[in-house]
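Novice: Here is the input, now give the coordinates:
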Amino acid sequence: MDFEQLRDRHGYEVSDNLIRILADLLRQTHVDHEAERISRFNEDEFAFLSATDESAVTGYIRVLFDLFQTLVKKEPNLAEVKLLAGICDLQIGGEIGNILSSIDYCLSQADTHGPFSIERQLSANLDLPQGKMQWRSWLESVLQDKHLFLVGQLAMGDDGHPLHRELFIRARNQQDQIVPASAFMPMASSLGMSLDIDKEVFRLVTSNQDIDRKTPLAINLSAAFFELAEAQEEFDQLLSDCRLADTRLCIEASHHVLNQHPVMRAKVSERVRRHQHQFGIDNLDLGQSLQLLQSGQFDYVKINAKTLYGMSRDDMPAGYQALRTITDTLDIRIIAVAVDSQKVFDELKSLGIEIMQGNFLDSPTAI
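Specialist: Numbers count the residues shown, from 1 in each chain. This is a model prediction of the structure:
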């Protein structure tokens, strides 16, 4: 729930109470009392300036988030309020406009990753737009000039057999730099343009004659696809065209998005299965309810390797045990993603994870 929605639904007294809670928490929990300044930018945005390292700031924000979630449990009207954070390095001589643009960009990224997410600015090596007006112009340009392209990464079983190839969107800027989706999709979502990019992905999948269609192709749908009806015709055409071309698809969306849109989720699942494709959950969050899995709509779930890493057969948290019980019962495959080292690979195998995806196994390549 955003601040304006909270105020409209519950009144000024509740929204003012929220601000008091946040202000008190910011005053009480400092990284460094002597080297910190706190300010309120507008109704629902606070900022603090701290002369310390990123890890200390990240730790401080996580403590702040934990304290806030504990406090709002006593305030029924605030239970739906969620916080986001963006971290931006300050450069000597940097212009305030660029700093604020960087923070705005970080918050847009955090918003796509769900409540209580923390994001930091990307490397300055990429030449990226500054501010929403420039971002809109840049996104319109790459769409119009067809500067978006697809790369693929295999998800493979422990026998080396590929389960599917996940497709990721990339852009090429005027400096001929390759810009990953993580750099532009959050801002596209913030500007209401992520559905345009979904449509371009559909077009690229059906029009690219060089794609290896022997291995199923996995496509991740944006939140906007489940919120709006503007791309349904293109989506149905994609499902139909791929079936006729004997191309199997694995359609997926994040756990958070699928939880938020149960009606549309059921419709998408029915359409995917009608065309004999598969449906999956991306970025499964063991901290959320696993009731979603029991809807009987899914063929696989993807979980970040960091979430699974460090577990052992003798020391599994209840959430993981519940997950294995559900997935084994319903024949849902677990795929560990972002596997980046032999150590992580071996640890996941010890947990019984048989399907993995990540740069350690297969680097994304243009298709």
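Novice: ranges for the strands of the stretch 251-367 of the chain?
Specialist: Along the stretch 251-367 of the chain, the segments classed as strands by DSSP state E, counting those that start in this stretch run 278-282, 300-304, 333-337, 355-357, 365-366.
Novice: Save those as a markdown table, and put in distance to residue 221, mean pLDDT and mean neighbour count too.
Specialist: Every C-beta, even on glycine, is put in place using the N, C-alpha and C of the backbone. A markdown table is the format used below for the strands of the stretch 251-367 of the chain (distance: least, C-beta to C-beta, whole Å; pLDDT from 0 to 100; neighbours: other C-beta atoms under 10 Å):
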| stretch | distance to residue 221 | mean pLDDT | mean neighbour count |
| --- | --- | --- | --- |
| strand 278-282 | 9 | 96 | 22 |
| strand 300-304 | 14 | 94 | 22 |
| strand 333-337 | 16 | 95 | 23 |
| strand 355-357 | 18 | 96 | 24 |
| strand 365-366 | 22 | 86 | 10 |
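Novice: Between those strands, which one is closest to residue 270.
Specialist: In terms of C-beta to C-beta, the element of these nearest to residue 270 is strand 278-282, at 9.4 Å.
Novice: Mind listing the strands that closest one pairs with, and their directions?
Specialist: Take DSSP bridges as the rule and strand 278-282 pairs in its sheet with strand 249-254 (parallel), strand 300-304 (parallel).
Novice: ok, and what's touching the shortest one?
Specialist: Going back to what we said before, that points to strand 300-304. For strand 300-304, contacts defined as C-beta atoms under 8 Å, 6 or more residues apart in numbering pick out 163, 250, 252, 278, 280-284, 286, 293, 323, 327, 332-338, 355, 357.
Novice: tell me which residues of the helix ranked longest in the chain are tucked away?
Specialist: Longest helix in the chain, counting residues (DSSP state H): helix 54-72. Buried residues in helix 54-72, counted by 16 or more other C-beta atoms under 10 Å: 57, 60-61, 64-65, 68, 72.
Novice: So which of the residues you listed sits lowest on pLDDT?
Specialist: Checking pLDDT across those, the minimum falls on residue 72 at 76.
Novice: Contact partners for that one?
Specialist: Neighbour list for residue 72: 21, 78-79, 81 [criterion: C-beta under 8 Å, 6+ apart].
Novice: now residue 80: how far from residue 18?
Specialist: 11 Å (C-beta to C-beta, to the nearest Å).
Novice: Comparing those two, which residue is more hemmed in?
Specialist: A direct count of neighbours by other C-beta atoms under 10 Å for residue 80 and residue 18 places residue 18 higher, at 20 against 13.
Novice: Mind giving me the packing neighbours of the one helix or strand residue 25 maps to?
Specialist: Per DSSP states H and E: residue 25 is located in helix 12-28. Contacts defined by 3 or more C-beta pairs under 8 Å, 6 or more residues apart in numbering; DSSP states H and E place helix 12-28 against helix 3-10, strand 36-42, strand 45-50, helix 54-72.
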